[in-house]
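> here are the coordinates; sequence isn't available:
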């Protein structure tokens with residue numbers, strides 16, 4: 001396990017602990033390795049993203065990009081205090097992965113410090129934010145003043161208000177604004193991101209992290225927060241970021257740019273081609289892209305009914321992740337086939353119409 005963490009003693013710079021084997025909970029006596037933006041400040045042994053003032057935004061980022069595409073886990077504690085103004089406290093804070101830089105900062109108010117608003121052009125493109133929202137904005141369909149949502153932003157030209165939401169909770173059982181210390185664990189096991197609040201899983205969703213990582217699978221990791229007409233202290237008390245599966249071999253989910261010939265269906269977090277793509281690459285050899293939502297959705301001609309060998313299979317197909325988590329995803333081992341009436345057909349074991357993702361593989365008639 002590789003862990004990046006903020007240390008209790010300034011004698012231990014960030015580079016010295018990246019190889020550490022265990023997650024602990026140091027506080028912020030030292031901000032070595034962090035870059036702050038906007039209103040973010042060190043207050044004693046805590047990181048204060050915003051003070052309890054109206055219309056401010058702040059951010060804190062690991063100065064160096066962190067490898068995240070192969071999976072990660074982040075644990076932190078937060079406390080929200082001195083609520084006032086509209087809504088008795090606003091607007092919330094976010095854990096953010098982004099590829100824009102270590103000084104990035106979005107809009108204040110409902111922008112959460114990561115998004116743009118309808119009246120601004122300030123936002124963080126190429127970002128995924130897990131937003132702990134403490135104010136209900138009726139105009140953008142917020143479910144409550146106490147929920148968690150996963151938001152994403154594309155390139156600067158693709159950014160919009162409100163930001164696209166990959167998944168959201170309903171009103172949380174835990175009150176984010178109760179002035180108590182709460183613990184969050186965020187786990188990304190490709191391609192499922194799960195959020196735990198005080199040991200209870202509150203949200204799980206598929207997320208294609210390749211939309212924000214660089215070619216090396218790395219991102220800037222950190223926090224943002226904002227206030228508007230409502231305000232509060234947004235404090236992070238401690239934080240660790242680790243890669244428990246850093247050396248494991250994991251199949252990646254490619255972005256839609258890998259498949260210019262196959263459009264991705266709307267309303268799915270993972271690229272799900274609209275139809276199968278089958279290219280004949282040689283005598284009895286085929287390259288196949290199989291959408292995960294199509295039962296027996298791809299076939300190749302096999303008039304003599306010969307055995308068909310598959311190779312180089314990759315990709316992920318997921319269903320019912322909200323309930324099942326990572327157990328709702330299958331890889332190449334889920335690929336099945338059958339030969340019927342002169343064709344060999346391919347499907348994903350247990351695939352249903354609500355599945356998302358795809359498998360890509362080579363098929364060779366023996």
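Everything's here; your move. Remember, predicted model here, so these are calculated numbers, not experimental data.
> in this protein, what spans have low per-residue confidence?
For the chain, the stretches with pLDDT under 70 are 1-26, 245-262, 351.
> Any chance you could list what contacts stretch 185-197?
The contact list for stretch 185-197 (C-beta atoms under 8 Å, 6 or more residues apart in numbering) reads 68-75, 95, 130, 148, 150, 172, 174, 182-184, 201-209, 245, 250-253, 270, 316, 318, 321, 325-326, 328-329, 357. Where C-beta positions appear, they are placed from N, C-alpha and C, glycine not excepted.
> any idea how far it is from the chain center?
The chain centroid and the centroid of stretch 185-197 are separated by 8 Å under C-alpha atoms, centre = their mean, to the nearest Å.
> now the helices for this protein?
Along the chain, counting by DSSP state H, helices occupy 321-324.
> and the gap between the residue nearest to the spatial centre of it and residue 153?
Closest residue to the average C-alpha location of the chain: residue 207 at 4.9 Å, with C-alpha atoms, centre = their mean. Distance, residue 207 to residue 153, using C-beta to C-beta, to the nearest Å: 13 Å.
> again with residue 69
In this view, residue 69 and residue 153 are 18 Å apart by C-beta to C-beta.
> More neighbours: these two, which one.
The neighbour comparison of residue 69 against residue 153 (other C-beta atoms under 10 Å) goes to residue 153, with 26 against 22.
> Settle this for me: residue 134 is touching residue 88, isn't it.
No: counting by C-beta atoms under 8 Å, no contact exists between residue 134 and residue 88, whose distance comes to 9.3 Å.
> Need the residues touching each of the two.
Shared contacts of residue 134 and residue 88, counting by C-beta under 8 Å, 6+ apart, come down to residue 177.
> First-to-last residue distance for stretch 159-179?
Using C-alpha to C-alpha, to the nearest Å, the end-to-end distance of stretch 159-179 comes to 33 Å.
> which parts of it are buried?
For stretch 159-179, burial by neighbour count (16 or more other C-beta atoms under 10 Å) applies to 159, 162, 163, 166, 167, 168, 169, 172, 176, 177.
> who touches the residue lying closest to the fifth one once chain neighbours are set aside in this structure?
When the adjacent residues along the chain are set aside, residue 167 lies closest to residue 205, with 3.5 Å between them (C-beta to C-beta, 6 or more residues apart in numbering). Contacts were defined as C-beta under 8 Å, 6+ apart; by that measure residue 205 touches 150, 166, 167, 192, 193, 269, 321, 322.
> Return the members of those residues classed as buried.
The neighbour count (16+ other C-beta under 10 Å) marks 150, 166, 167, 192, 193, 269, 321, 322 as buried among these.
> Give me the distance between the fifth one and residue 143.
So the one you mean is residue 193. Counting by C-beta to C-beta - residue 193 and residue 143 are separated by 19 Å.
> and the gap between residue 152 and residue 285?
Distance of residue 152 to residue 285, computed by C-beta to C-beta: 37 Å.
> okay, these two: which has more neighbours?
residue 152 (21 against 15).
> Which strand residues bridge the more buried one?
For residue 152, the beta-bridge partners are residue 128, residue 164 (DSSP bridges).
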